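A.B. asks: sequence unknown, structure follows:
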């Protein structure tokens, strides 16, 4: 039986090492020569080559015309299968509910619908925030912190009609002001308004990104003006970190350009 135990451990170790090689390839973002993979995974050249040969046989790795290695079709199928099973709403619900319970902060979650940003989740803090907003409420693209996240982090074509309609009705917004607002949000990684949507309420919003670097959701910290500033100073950085965790969990990332 001791021999059986040793074989089992060796088999598990082999899988772990193979996954280390695959993970190294995944971090490169493109085909790389053997030397780069050796440096990335910390194995010897001969050991790395043997694992790459086995992974190539299993179609988890492929070689191009130059002999460089990249993730193969089987790895792609595995990744796509994993992505198809991700429920971003469930993941966001769990993490943001835990955040609200820990901090006592009120957080709303919104998605971009055909008529504009719409509240799809509401995590009530302590004490509760009294507001006319609720599940299903539509928010302004230009004047709400939530809407501004989509303004900055969604393709322009998706928002053209909504922006045009709001600019016509706004006394403070024109094309130049909209572009400056986008730049500010992208630079700071957040949107913030105070009393512009609902008097007496302040809001700080952060993006949750998808695989393409678009804001799939926005999470917004809602607080009563005058009473919540001290809470917000502690809760806002935590909310930013939670949104980054959610993005990572669903394979998302900030835009690279």
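C.D. replies: Nice, I can see it. Here the structure is a predicted model, which means the values were calculated and not measured.
A.B. asks: Mind jotting down where the strands sit in this protein?
C.D. replies: Counting by DSSP state E, the chain forms strands over residues 61-63, 69-71, 106-113, 116-123, 191-194, 201-209, 215-224, given from the N-terminal end onward.
A.B. asks: Redo the ones you listed as JSON lines? Include mean neighbour count and mean pLDDT.
C.D. replies: Placement of C-beta: from N, CA and C, glycine included. Listed next are those as JSON lines, based on neighbours: other Cβ atoms under 10 Å; pLDDT from 0 to 100:
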{"stretch": "strand 61-63", "mean neighbour count": "19", "mean pLDDT": "92"}
{"stretch": "strand 69-71", "mean neighbour count": "20", "mean pLDDT": "90"}
{"stretch": "strand 106-113", "mean neighbour count": "22", "mean pLDDT": "90"}
{"stretch": "strand 116-123", "mean neighbour count": "20", "mean pLDDT": "89"}
{"stretch": "strand 191-194", "mean neighbour count": "19", "mean pLDDT": "88"}
{"stretch": "strand 201-209", "mean neighbour count": "25", "mean pLDDT": "92"}
{"stretch": "strand 215-224", "mean neighbour count": "25", "mean pLDDT": "90"}
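A.B. asks: What ranges in the chain fall below the confidence cut-off?
C.D. replies: For the chain, the stretches flagged by pLDDT under 70 are 1-12, 29, 80-86, 130, 195-199, 226-232, 257.
A.B. asks: Need the strands of the chain in TSV (columns: distance to residue 160).
C.D. replies: Conversion of the strands of the chain to TSV gives the following (distance: least, Cβ to Cβ, whole Å):
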stretch	distance to residue 160
strand 61-63	41
strand 69-71	36
strand 106-113	13
strand 116-123	13
strand 191-194	19
strand 201-209	20
strand 215-224	16
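A.B. asks: out of those strands, nearest to residue 78?
C.D. replies: Among these, strand 69-71 comes nearest to residue 78, with 9.4 Å by Cβ to Cβ.
A.B. asks: So what touches that closest one?
C.D. replies: The set of residues that contact strand 69-71 without belonging to it, under Cβ atoms under 8 Å, 6 or more residues apart in numbering, is 22, 25-26, 30-34, 37, 52, 56, 60-64, 79.
A.B. asks: ok, now with 10 Å
C.D. replies: Outside of strand 69-71, the residues within contact range by Cβ atoms under 10 Å, 6 or more residues apart in numbering are 21-22, 24-26, 28-34, 36-37, 48-49, 52, 55-56, 59-64, 78-79.
A.B. asks: Go through the strands of the chain and name the closest to residue 91.
C.D. replies: With Cβ to Cβ, the closest approach to residue 91 among the strands of the chain belongs to strand 201-209: 9.2 Å.
A.B. asks: Report the inter-axis angle for that closest one versus strand 116-123.
C.D. replies: 100 degrees (axes from the mean of the first three to the mean of the last three Cα atoms, to 10 degrees).
A.B. asks: distance between strand 201-209 and the chain's centre?
C.D. replies: What separates the centre of strand 201-209 from the centre of its chain is 13 Å, taken as Cα atoms, centre = their mean, to the nearest Å.
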